[in-house]
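Novice: sequence and predicted model, in that order:
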Amino acid sequence: MTHLNFANLQLVTSLLNMRDGETKLGQQLLTPNLHDLDKALIDLKTRGAKFVLLGIPEDIGPRANLGRGGSDEGWSAFLSRFINLQQNNFIHGQEIALLGHIETQDLQQESLSLDLNKTADLIKIRSLVEQLDDRVSDVISAISSHQLIPIIIGGGHNNAYPIIKGVSQAKGQAIAAINLDPHTDFRSLEGRHSGNGFNYAAQQNFLGFYFSLGMHELKNSQANITSMNQHHFPFVSYQQIYVRREVSLEQALLDASCYLNDSRAPIGIELDVDAISFMPASAYTNAGVDLSDAQYYVHCMAQLDNSCYLHLAEGAPKQHPAGVTAGVSDVGQGYAALVSSFIQSKQNIGE
């Protein structure tokens, strides 16, 4: 059974803010005509789709990591902004398909009754994350099997694991990934949550190469760093780039590109928006990277020929200090800016 809520034109229309003389991106997006996943993907590709937007409205993973909730609202915040961007010569909206979102409501509801101060309930919520893993990996595998590029929005960074798994299964090999994130997400294999997705993917041989960009030297345990070193996975820290100025962002991205290209593997682009200063997120920070630097990161990595997906996680509108309305605006704008940067780069806009 595929746990997918398919998008439709009625959803898009309900979110459009029309203005005379303008065409909005939502008017160009492709939506599924069929509710069989494989047939829908074949049909979308036949109609010209290259990119597939997929939402994961959940915050089970961050809470299973004893973090803050709210990432379940990121997908809807993104849609409301992205759909209302202008359709013009700077983006080819007819290549973008809005597939829908993973069904999570049942898992979300079950998780709300749990007391995470109790060991049994903590084990339970982590088992719910495992169930979510299966739902996500099945859909991602199907998208990748049709040589379409998934763009996954919302939810916690726990979803990196099933995304990597799904792409790896579709491609028939371990993949490479780069992650702009103050956390390496290489915590121990203690049950699934948002802090150990890359470790699980590496242990199960779905992830063969991993570059951690902008990791914060004081927000990762020595055990995490040691485990990364044991896998021979490189990192360039936030402090190296922005504090000590030992390496420029441009040089760090060049080093990462060389590492990823040398792997000769499919490449995943990961971004936890808690890397971005003042972005409402499960782990809010005022000492991170600028949104423009995050866009540049996405743009550069999308230029790599083997890059095959974009995953944006952890945007949590209710974590905005000014309230949820401001949070929806900031998360929506941030996600939309990052997604459009990825698509424009892949479409070679400006070249």
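Specialist: Received the coordinates, thanks. Residues are numbered from 1 along each chain as shown.
Novice: show me how far the helix or strand hosting residue 10 is from its chain's centre.
Specialist: Secondary structure assignment for residue 10, by DSSP states H and E: helix 9-15. Centroid separation between helix 9-15 and its chain, computed with Cα atoms, centre = their mean, to the nearest Å, is 23 Å.
Novice: pull out the buried positions in it.
Specialist: 11-12, 15 (16 or more other Cβ atoms under 10 Å). Bear in mind the C-beta positions are built from the backbone N, C-alpha and C, glycine included.
Novice: export those residues to TSV and tack on pLDDT and distance to residue 237?
Specialist: Shown next, in TSV, are the buried residues of helix 9-15 (pLDDT from 0 to 100; distance: Cβ to Cβ, whole Å):
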residue	pLDDT	distance to residue 237
11	95	41
12	96	41
15	96	39
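Novice: turn the residues you listed into TSV, including distance to residue 248.
Specialist: As requested, the buried residues of helix 9-15 are exported to TSV (distance: Cβ to Cβ, whole Å):
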residue	distance to residue 248
11	42
12	41
15	39
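Novice: ok, those vs residue 51, which is closest?
Specialist: Residue 51 has its nearest neighbour among these in residue 12, at 15.5 Å by Cβ to Cβ.
Novice: and the gap between that closest one and residue 122?
Specialist: 39 Å (Cβ to Cβ, to the nearest Å).
Novice: same check, this time on residue 69
Specialist: 15 Å.
Novice: can you pull out the helices in the stretch 51-200 of the chain?
Specialist: In the stretch 51-200 of the chain, the segments counted as helices under DSSP state H, counting those that start in this stretch are 60-64, 74-82, 105-111, 119-145, 160-171, 197-203.
Novice: between the ones you listed, which one is nearest to residue 265?
Specialist: helix 160-171 (8.1 Å).
Novice: on contacts alone, who are the packing partners of the closest one?
Specialist: Secondary-structure packing of helix 160-171 (3 or more Cβ pairs under 8 Å, 6 or more residues apart in numbering; DSSP states H and E): helix 119-145, strand 149-153, strand 175-180, helix 197-203, strand 267-272, strand 307-313.
Novice: mean neighbour count and mean pLDDT added to these, as a markdown table?
Specialist: Below are those laid out as a markdown table (neighbours: other Cβ atoms under 10 Å; pLDDT from 0 to 100):
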| stretch | mean neighbour count | mean pLDDT |
| --- | --- | --- |
| helix 119-145 | 20 | 98 |
| strand 149-153 | 25 | 98 |
| strand 175-180 | 27 | 98 |
| helix 197-203 | 24 | 98 |
| strand 267-272 | 26 | 98 |
| strand 307-313 | 26 | 98 |
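Novice: is it possible to get a markdown table of those that adds distance to residue 324?
Specialist: Shown next, in a markdown table, are these (distance: least, Cβ to Cβ, whole Å):
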| stretch | distance to residue 324 |
| --- | --- |
| helix 119-145 | 23 |
| strand 149-153 | 18 |
| strand 175-180 | 25 |
| helix 197-203 | 26 |
| strand 267-272 | 20 |
| strand 307-313 | 19 |
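Novice: sorry, back to before: out of the helices of the stretch 51-200 of the chain, which comes closest to residue 42?
Specialist: It is, among these and with distance given as Cβ to Cβ, helix 119-145, at 10.3 Å.
Novice: residues contacting the nearest residue to residue 174 once chain neighbours are set aside?
Specialist: When the adjacent residues along the chain are set aside, residue 174 lies closest to residue 208, with 3.3 Å between them (Cβ to Cβ, 6 or more residues apart in numbering). By Cβ atoms under 8 Å, 6 or more residues apart in numbering, the contact set of residue 208 is 173-176, 202, 263, 265.
Novice: give the partner strands of the helix or strand where residue 208 lies in its sheet and their orientations.
Specialist: If you go by DSSP H and E, residue 208 is part of strand 207-215. Strand pairing for strand 207-215, using DSSP bridges, gives strand 175-180 (parallel), strand 235-237 (parallel).
Novice: what residues does the last one touch?
Specialist: Defining contact as Cβ under 8 Å, 6+ apart, one finds that strand 235-237 is touched by 184, 211-217, 228, 247, 252, 255-256.
Novice: cutoff 7 Å now
Specialist: Contact partners of strand 235-237, identified using Cβ atoms under 7 Å, 6 or more residues apart in numbering, comprise 184, 212-213, 215-217, 228, 247, 252, 255.
Novice: quick one: neighbours of residue 262, just the number.
Specialist: The number of residues packed near residue 262 is 10, by other Cβ atoms under 10 Å.
Novice: from the chain's centre, how far out does the helix or strand containing it sit?
Specialist: Assigning secondary structure by DSSP H and E places residue 262 in helix 249-263. Relative to its chain's centre, helix 249-263 lies at 20 Å (Cα atoms, centre = their mean).
Novice: contacts for that helix?
Specialist: Applying Cβ under 7 Å, 6+ apart, the contact partners of helix 249-263 are 176, 178, 208-209, 211, 213, 234, 236, 241, 267, 293, 297, 300, 304.
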